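# Provided below are the primary sequence and the corresponding predicted coordinates.
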Amino acid sequence: MRRARRWCNCGGDPQQLRLGSQRILSRVDTLVDQRLDAPGVAPALKGKMGVALARCCYHRYLEIFTARPSPR
């Protein structure tokens with residue numbers, strides 16, 4: 001996250017960060033779905049893990065980027 005902040009503070013395009021994050025989430029979701037194909041694993045979870053991970057990441061993003069910087 002420090003690099004993301006530094007990137008934005010130096011004039012980097014936040015949109016590029018979002019695109020990179022989407023790629024990573026997609027890869028994780030694909031990996032999890034492949035593992036859920038194993039016998040004995042609940043198929044109802046397939047396709048839901050990526051959404052859950054994206055929600056967690058988004059909430060963390062909001063915590064970090066909407067918080068006021070602490071005085072040093």
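Arrived safely.
# C-alpha only now, for contacts and for neighbours.
Fine.
# in stretch 40-54, what counts as buried?
Judged by neighbour count using 16 or more other CA atoms under 10 Å, the buried positions of stretch 40-54 are 46, 49-50, 54.
# what residues does that stretch touch?
With contact meaning CA atoms under 8 Å, 6 or more residues apart in numbering, stretch 40-54 is reached by 25-26, 28-29, 32-33, 36-37.
# and it, average pLDDT?
Stretch 40-54 carries an average pLDDT of 81.
# in the protein, which spans are helices?
According to DSSP state H, the chain carries its helices in the segments 2-9, 14-36, 49-66.
# relative to helix 14-36, how tilted is the first one?
For helix 2-9 against helix 14-36, the angle between stretch directions is 150 degrees (axes from the mean of the first three to the mean of the last three CA atoms, to 10 degrees).
# how about helix 2-9 as PDB, C-alpha atoms only?
The C-alpha coordinates for helix 2-9 follow below in PDB (Å, rounded to 0.1, in the frame of the first residue of the first chain):
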ATOM      1  CA  ARG A   2       2.900   2.300   0.600                       C
ATOM      2  CA  ARG A   3       3.900   2.100  -3.100                       C
ATOM      3  CA  ALA A   4       0.300   2.800  -4.100                       C
ATOM      4  CA  ARG A   5       0.200   5.900  -2.000                       C
ATOM      5  CA  ARG A   6       3.600   7.000  -3.300                       C
ATOM      6  CA  TRP A   7       2.400   6.400  -6.800                       C
ATOM      7  CA  CYS A   8      -0.600   8.600  -6.400                       C
ATOM      8  CA  ASN A   9       1.300  11.300  -4.500                       C
END
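# point out the other elements, helices or strands, that that helix touches.
helix 14-36 (3 or more CA pairs under 8 Å, 6 or more residues apart in numbering; DSSP states H and E).
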